[in-house]
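# fold the following.
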Amino acid sequence: MESAASLAELQAEASCPICLDYLRDPVTIECGHTFCHSCIHQRWEDLPGTFPCPVCLYHCPDKNLKRNTQLCHIIEVVKQIPTTGNERKLQEEKPLCGKHNEVLTLFCDSAEEMLCPRCKVPLDHQDQSLIPIEEAASSCRKKLKRYIGALLVEVEDAETEYENQVAKEFEVQKKVEKWRKELQYECKELKCSLQIEHDVFNAGLLIEEKDVEEKLTENGRQISNHMFMLNNLLSEIAEKYLQADVDLLTGIEDIHNRYEKLETPAVFSYKLKKESCNLPPHYLGLYKMISTFQVDLTLDPETAHPSLIISRDRKSVTYRTPDGLPNPQALTSYPAVLSSEGFDAGRHFWQVEVRGTGEWSLGVCKESCLINSLISPSPSNSCRHIDLCASICGTCPRGHIMRVGIFLDYELGDVSFYNLNNGSYLYGFSGKFKEKLMPYFSSAPSSKSLTFIIRDE
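Below you'll find the predicted structure:
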């Protein structure tokens, strides 16, 4: 009995761990395990980097295969030993066909089912593609390798998208915090009269912030779950890839189906809408005026003083020292320019950004203004009304940027000026307008360098 057990153990040691048959052309890898040369070559085919041992999973740095000549001779001797009982036991260790009780050696590619040689006879398999298990396993490994590559890309994309969602959530918080600070500043200026509007506005921000954050969090959770599924499937496929042929092909249909049915969750996109306060009359609805009555202005080069350079898009003008003859069409000898658009009805709002160093003047004047009618702004008088022309003057120190908002209500005869740097009310003019009014922009000759930029938002 002990002799039979020892002989069975000898035959097991002479078998390949991959194909479970006697070793053919045996080779030994770095960890010490031995395999058929064709089996280990097929298992490591197309693998990049390190090469795992199918038995102990030791990562071999290269495909260094050492042929075991002595073991080859020993196996030939073992094959000659007449051990029918042990051969039967060894054969029983291999999966057998449930119908014919024979070793499964074939694989039906269309039905994804392992068969024995006698399974080829029935009609239900005659027209189907039957290939040896070793060949089927090799083909399946190549497909699983493609799955691994595709899943790695999807995992990376999912991780990137998750990071983007986290960044978006932070961006929402940052924007809301910025708007909350603006709100608190306005409320400080108007004190108790704005407390009700403050509460309403702040509540609206909180609701929108909570709503967007909840949606971003939920979307992030979905992406996180998707990442978890992808990583699980990736690990399962990677483990499946390293299994023996029979184990690899067992249940392979489930992996195919799960991979094909993968669905990437939709990415939630958002657009914050900024609420605005209903402010008192002298400060009334600055943000509403901007959003409701904002007009698109362009500068008229034909009215520009020769010291002014108009940009190609006619959205900005820069003062420079004149180096040529005056423009005969210029409205004034003073460094000024008018807008191409004028207004004889309705409500209109435009924004001007002043950069550089020097004195400047902004406002509106009648279309019928004659040459030289725009009088130089006086540093001692920051605001003036000249022949139905409302204007505001100022000085821009070095490195300072001044943003001015101008609101015209033609029917009410009202022109208001706002400091858009802090949202404060600067000056207002009331009169009766009878002809078209033109926005104008001017710089004092003593100014070193000034640039006016018309903003559309």
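
# tell me the SS of Y425?
State at Y425, reduced to three classes by DSSP: H, G, I helix; E, B strand; the rest coil: strand.

# what does the one 10 residues further on give?
Following three-state DSSP, E435 is assigned to coil.

# can you start the count at 10 instead of 1 from here on
OK, 10 is where the count begins now, so the last one is E444.

# pretty sure it contacts V373?
No. Under the criterion of CB atoms under 8 Å, E444 makes no contact with V373, lying 11.3 Å away. For glycine as for every other residue, the C-beta is placed from the backbone atoms N, C-alpha and C.

# what about R52, distance to A146?
From R52 over to A146 the distance is 9 Å, taken as CB to CB, to the nearest Å.

# on that earlier part again, between E444 and V373, which one's more packed in?
Remark: of E444 and V373, V373 carries more neighbours, 24 against 11, as counted by other CB atoms under 10 Å.

# that one should be in a strand, yeah?
Yes. Assessed by three-state DSSP, V373 belongs to a strand.

# related to what we said a few turns ago, of R52 and A146, who's got more company?
With neighbours defined as other CB under 10 Å, R52 and A146 compare such that A146 has more, 24 against 21.

# enumerate every residue touching the more buried one.
Contacts for A146 (CB atoms under 8 Å, 6 or more residues apart in numbering) come out as Q51, F116, D254, L257, L258.

# beta-bridge partners for S458, please?
Counting by DSSP bridges, S458 is bridged to T366.

# you'd agree it is up against G365?
Yes. Counting by CB under 8 Å, S458 does reach G365; the two are 4.4 Å apart.

# in contact with I157, which residues?
L243, I246, A247, Y250.

# from the residues you listed, which land in helices?
Per DSSP state H, helices hold the following members of these: L243, I246, A247, Y250.

# S458 and G365: who's more crowded?
G365 (21 against 15).

# which residues does the residue lying closest to E39 once chain neighbours are set aside bridge with?
Excluding the flanking residues, the one nearest E39 by CB to CB, 6 or more residues apart in numbering is C69, at 4.6 Å. For C69, the beta-bridge partners are F60 (DSSP bridges).

# can you give me phi and psi for the residue nearest the centre of the chain?
The centroid of the chain falls nearest to N173 when counting by CA atoms, centre = their mean (5.4 Å). Note on N173: backbone dihedrals following degrees, to the nearest 10 are phi -60, psi -40.

# what is the helix or strand harbouring I83 packed up against?
In the assignment (DSSP states H and E), I83 maps to helix 78-89. Of the remaining helices and strands, those touching helix 78-89 by 3 or more CB pairs under 8 Å, 6 or more residues apart in numbering; DSSP states H and E are strand 35-37.

# so for the strand it packs on, mean pLDDT?
Here strand 35-37 scores 89 as its mean pLDDT.

# distance between that strand and the chain's centre?
51 Å (CA atoms, centre = their mean, to the nearest Å).

# repeat for stretch 302-311
Between the centre of stretch 302-311 and the centre of its chain there are 36 Å (CA atoms, centre = their mean).

# so what are the domain limits for this structure?
Using automatic domain parsing, the domain parsing of the chain gives 11-102, 143-269, 292-464.

# and those domains as JSON lines, adding distance to L124?
JSON lines is the format used below for those (distance: least, CB to CB, whole Å):
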{"stretch": "domain 11-102", "distance to L124": "17"}
{"stretch": "domain 143-269", "distance to L124": "11"}
{"stretch": "domain 292-464", "distance to L124": "73"}
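
# what's the most buried one of those?
domain 292-464 (a mean of 17; mean count of other CB atoms under 10 Å).

# distance between the ends of stretch 350-360?
Length of stretch 350-360, first residue to last, CA to CA, to the nearest Å: 14 Å.

# sorry, that was for stretch 42-60
Chord length of stretch 42-60, first to last residue, is 13 Å (CA to CA).

# any residues touching it, and which ones?
So stretch 42-60 is in contact with 25-28, 30, 32-38, 62-65, 68-72, 74, 76-77, 80, 143, 146-147, 150-151, 154, going by CB under 8 Å, 6+ apart.

# skip the chain neighbours and tell me the closest residue to L239.
Going by CB to CB, 6+ apart, L239 has V164 as its nearest residue, at 4.9 Å.

# try D309
S349 (4.3 Å).

# these two touch, right, the one you found and I319?
No. Using CB under 8 Å, S349 is not in contact with I319, being 10.7 Å away.

# what residues are shared contacts of those two?
L308.

# what about the stretch 260-409 of the chain, any weak spots by pLDDT?
Under the criterion pLDDT under 70, the flagged ranges of the stretch 260-409 of the chain are 282-294, 329-343, 378-400, 405-408.

# how about the helices in it?
With helices called from DSSP state H, counting those that start in this stretch, the stretch 260-409 of the chain shows them at 261-269, 295-302.

# check which helices and strands the longest one sits against.
Applying 3+ CB pairs under 8 Å, 6+ apart, we find helix 261-269 packed against helix 142-199, helix 204-250.

# rebuild the ones you listed as JSON lines, extending it with distance to I299 and mean pLDDT.
Compiled in JSON lines, the helices and strands packed on helix 261-269 are given as follows (distance: least, CB to CB, whole Å; pLDDT from 0 to 100):
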{"stretch": "helix 142-199", "distance to I299": "13", "mean pLDDT": "85"}
{"stretch": "helix 204-250", "distance to I299": "16", "mean pLDDT": "83"}
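
# in contact with V346, which residues?
308-310, 312-314, 317, 319, 326, 340, 449-451.

# which residue, neighbours along the chain excluded, lies closest to it?
In this structure, V346 finds its nearest non-sequential neighbour in A313, 4.1 Å apart by CB to CB, 6+ apart.

# how much space between that neighbour and E350?
A313 is 15 Å from E350, by CB to CB.

# give me the subset of the contacts of A146 lying in strands.
Using DSSP state E, the members of these that fall in strands are F116.

# so which of the contacts of A146 is the closest to F277?
L257 (39.2 Å; CB to CB).

# give the contact list for the closest one.
A146, C149, R150, K249, Y250.

# if you set the cut-off to 7 Å instead, what comes out?
A146, C149, K249 (CB atoms under 7 Å, 6 or more residues apart in numbering).

# I figured I232 hits Q174, correct?
Yes. The criterion here is CB atoms under 7 Å, and I232 meets it with Q174 at 6.4 Å.

# distance to M411 added to the helices of the stretch 260-409 of the chain, as JSON lines?
Below are those laid out as JSON lines (distance: least, CB to CB, whole Å):
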{"stretch": "helix 261-269", "distance to M411": "62"}
{"stretch": "helix 295-302", "distance to M411": "16"}
